[in-house]
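Asker: Predicted model and sequence below, questions to follow.
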Amino acid sequence: MTAEVSTDNLVLVEVNDKVALVTLNRPEAYNALSRGMTAAIIDAFRALSANDGVRAIVLTGKGKAFTAGVDLKEMGADGGKSMSADNLGTDAPLVRALSDCSKPIIGAINGFAVTGGFELALACDYLYAAESARFADTHARVGLVPGWGLSQKLPRLVGINRAREISFTGNYFSARQAMDWGLVNCVCKDDELIETALASARDIADTQPEALRRIRDLMNEGWEMDLGSALEVEGERSGAYNSTISFAEMEQRLAELRARGRRQ
């Protein structure tokens, strides 16, 4: 195992078998997103994106929370500078660090994922959650407006009426409810969450990286298009890429897939 720890110790990174485990490390503050932690998250994901030895990433939190969201105490102390336009929207550095990351990201939601923490979870490619995990969008309760994508992503994942209920009431909901609504892929026992997420990441790491990258790009870009336009883009890109592949290599991969199927 290769372990890397950020210089400020706010984000821990471990790399093993082409998979990175990124752990938010302010448990005493429910991993609230201070300026320092936000900067450490950005640095970690930029470094992992550029690391050819990493194929997939698991993001989790230490302690009782994935993250409780923006550090409101710090925000109050700096007069709300962290809520400036430069830190919100699709070009916000934190959002951009995850959206621009070249590796798939699995969110392993270990506890509370609230408001900005909920938005950080939605920046992952898909989510696993511990049985004890809880979600809430409390923007309306604290007097803020989402700025990292929640108001647009959440309705697309759970449906507009369910998203309205979640955001308008600010009520908490469980990991089981999140899975029933299509927000979470898998609910795990608390002590099995990380290993389950890492196992999924290892499955990702075992695929063909260039094909995976292109499929992920198609899904992410197509999600923001109408179906007809997205299908046209898929057709154009698949034709251009698939015409270059080696069918001899593909035969070998198919043989490996058949063997894998017999084991599962």
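Answerer: Structure received.
Asker: any weak-confidence spans in the stretch 51-200 of the chain?
Answerer: Across the stretch 51-200 of the chain, the ranges flagged by pLDDT under 70 are 74-89.
Asker: quick one, helices of it?
Answerer: Counting by DSSP state H, counting those that start in this stretch, the segments of the stretch 51-200 of the chain that form helices are 72-77, 93-99, 116-122, 139-142, 150-158, 160-169, 175-180, 193-205.
Asker: Tell me which of those is the most buried.
Answerer: helix 116-122 (a mean of 27; mean count of other C-beta atoms under 10 Å). For the C-beta atoms, the positions are set from N, CA and C on the backbone; glycine is no exception.
Asker: how is the protein carved up into domains?
Answerer: 2-205, 209-263 (automatic domain parsing).
Asker: most neighbours per residue, which of these?
Answerer: Most buried among these, counting by mean count of other C-beta under 10 Å: domain 2-205, with a mean of 19.
Asker: For the residue nearest to Cys186 when sequence neighbours are not counted, give me its contacts.
Answerer: Excluding the flanking residues, the one nearest Cys186 by C-beta to C-beta, 6 or more residues apart in numbering is Tyr128, at 4.7 Å. By C-beta atoms under 8 Å, 6 or more residues apart in numbering, Tyr128 lies in contact with 106-109, 184-188, 193, 196-197, 200.
Asker: how far does stretch 154-171 sit from the chain's center?
Answerer: From the chain centre to the centre of stretch 154-171 is a distance of 19 Å (C-alpha atoms, centre = their mean, to the nearest Å).
Asker: Now do it: everything it contacts.
Answerer: By C-beta under 8 Å, 6+ apart, stretch 154-171 touches 122, 135-141, 146, 150-151, 173, 181-183, 223.
Asker: These: which two are farthest apart?
Answerer: The distance between the two most remote of the contacts of stretch 154-171 (C-beta to C-beta) is 28.4 Å, for Arg141 and Trp223.
Asker: what about Ala47, is that helix, strand or coil?
Answerer: Here Ala47 is recorded as helix under DSSP: H, G, I helix; E, B strand; the rest coil.
Asker: residues contacting Leu150?
Answerer: Leu150 is in contact with Phe118, Glu119, Leu122, Asp137, His139, Ser167, counting by C-beta under 8 Å, 6+ apart.
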